[in-house]
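In: Give me the fold of what follows.
(one chain, ligands or ions: 1)
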Amino acid sequence: MTTRRTAKIGIIGAGSVGATIAYAAMIRGVARQISLYDIVPTKVHAEVLDLNHGMLFVPPGSVEGSDDIEVLRGCDVIVMTAGAKQRPGQTRIDLAAVNASICAKLLPRVVQVAPDALLLLVTNPVDVITQVVLKVTGLPAERVFGSGTVLDSSRFRYLIASHCGVAVQNVHAYIAGEHGDSELPLWSSASIGSIPLDQWDVKGHGQLTKTDRDEIMHNVKDAAYQVIQGKGATNYAIGLAVTNILEALLNDEQRVLPMSGLLRGFRGLDDVCLSLPRIVGSNGIEPPLPIPMTAEEEAALDESAKRIRTVVQGLGY
Ligand code: NAD
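Out: Numbering: from 1, shown residues only. Reported below is the predicted structural model:
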């Protein structure tokens, strides 16, 4: 893995999500080179022009793009965002067949031009796609992972922080399982400033009743639907979330992030990709941390795993 100053990242798909990741990564100076690949040449060239016109205002770097996959040659990390997106009313699982087929065709070719790259999947349903890409590329599990519930956990922390009137950075709480309708909140390990959330009772900063928790979780699950209903796509928060993951990878930060990756014997779960907090660095992802869970949380994780496995098997993987 090269260092931050010389790293090259590739982004597949120059749509709402891919272009916003490029924009956020460029502003933060994550990589020296950002390369975009899309099948629609007019779209990718227009995004690259627009991004390059802002180069004066950001850390030094360059942005290029093409409809030729060669543009991804030698990348350190490749972010996959290409494919169909949810239309209002659609679930992420509804996208499984079409996006799995795109990934199964494309990713083996990508590995040929960037054989040392870490693969970060964002295309939905991201857990299913991660498992498909693992199978079709044959790469080791630590090098193929999904953005998973990094975004959902950020939404979760934001809602808890707003409710309690504290900074989002002081809330530690994760969403685990599927990045989708069967995801689960890990309330039992959530804390604010080292106080377990179920003991949080601070004058002027409230408490979290069962109704508050249900409402927060409802809003986490419904978040993408609400945004898509209003503007057709989610892009800013996922752009920032992926940029944060890229920094953890490229700077070898050993950061704890709820990424989607293959489980091998975690609490009896095997051969399924889903999100749990893991340490992330320049070698990719580590196995999930042994985070404490209640019996209820464990049962919900099992259910989420079953749902993902059923979709993956239905696709023939
Ligand atoms: P979009 O339609 O705006 O962009 C998709 C892009 O992919 C288009 O530019 C299209 O030309 C390109 N594309 C399609 N097939 C291709 C191929 N074979 N090769 C190269 N490029 C190809 O969609 P979007 O809003 O950017 O969403 C992209 C994906 O990201 C969707 O699947 C969406 O559900 C997902 N997403 C995931 C998260 C997450 O947290 N994991 C969050 C938001 C969106």
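
In: Roughly how far does the residue nearest the centre of the chain sit from residue 137?
Out: Residue closest to the mean C-alpha point of the chain, counted by Cα atoms, centre = their mean, is residue 147 at 1.6 Å. The gap separating residue 147 from residue 137 is 17 Å, by Cβ to Cβ, to the nearest Å. Heads up, the C-betas are built off the backbone N, CA and C, glycines and all.

In: Give me every residue in the stretch 201-317 of the chain lying close to the ligand.
Out: 233-234, 238 (Cβ under 6 Å from any ligand atom).

In: ok, 8 Å please
Out: By Cβ under 8 Å from any ligand atom, the residues of the stretch 201-317 of the chain that approach the ligand are 224, 232-235, 238, 241.

In: now, the most widely separated pair of those residues?
Out: Across these, no pair lies farther apart than 232 and 241, at 19.0 Å, counting by Cβ to Cβ.

In: For those two, indicate the residue with more neighbours.
Out: residue 241 (23 against 13; other Cβ atoms under 10 Å).

In: which stretches of the protein form strands?
Out: For the chain, the strands defined by DSSP state E cover 8-12, 33-37, 62-66, 77-80, 118-121, 144-146, 171-172, 175-176, 184-185, 191-192, 195-196, 255-266, 269-281, 284-288.

In: ranking these by burial, who's on top?
Out: Across those, averaging neighbours per residue (mean count of other Cβ atoms under 10 Å) puts strand 144-146 on top, at a mean of 29.

In: tell me which strands and helices that one is in contact with?
Out: For strand 144-146, the contact count by 3 or more Cβ pairs under 8 Å, 6 or more residues apart in numbering; DSSP states H and E identifies strand 118-121, helix 126-137, strand 255-266, strand 284-288 as packing neighbours.

In: Quick one: these as TSV, columns for mean pLDDT too.
Out: As requested, the helices and strands packed on strand 144-146 are exported to TSV (pLDDT from 0 to 100):
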stretch	mean pLDDT
strand 118-121	98
helix 126-137	98
strand 255-266	97
strand 284-288	98
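
In: Out of those, the one nearest residue 81 is which?
Out: With Cβ to Cβ as the measure, strand 118-121 is the member of the helices and strands packed on strand 144-146 nearest residue 81 (8.8 Å).

In: So what are the sheet partners of the closest one and their directions?
Out: strand 77-80 (parallel), strand 144-146 (parallel) (DSSP bridges).

In: Ok, which of the ones you listed comes nearest the ligand?
Out: Taking Cβ to the nearest ligand atom, strand 144-146 is the member of these nearest to the ligand, at 6.7 Å.

In: average pLDDT for that closest one?
Out: Averaging pLDDT along strand 144-146 gives 98.

In: next one: stretch 212-221
Out: The predicted model gives stretch 212-221 an average pLDDT of 96.

In: Just the residues contacting that stretch, thanks.
Out: Residues from elsewhere that reach stretch 212-221, judged by Cβ atoms under 8 Å, 6 or more residues apart in numbering: 152, 155-156, 159-160, 163, 175, 181, 183, 185, 187, 208, 226.
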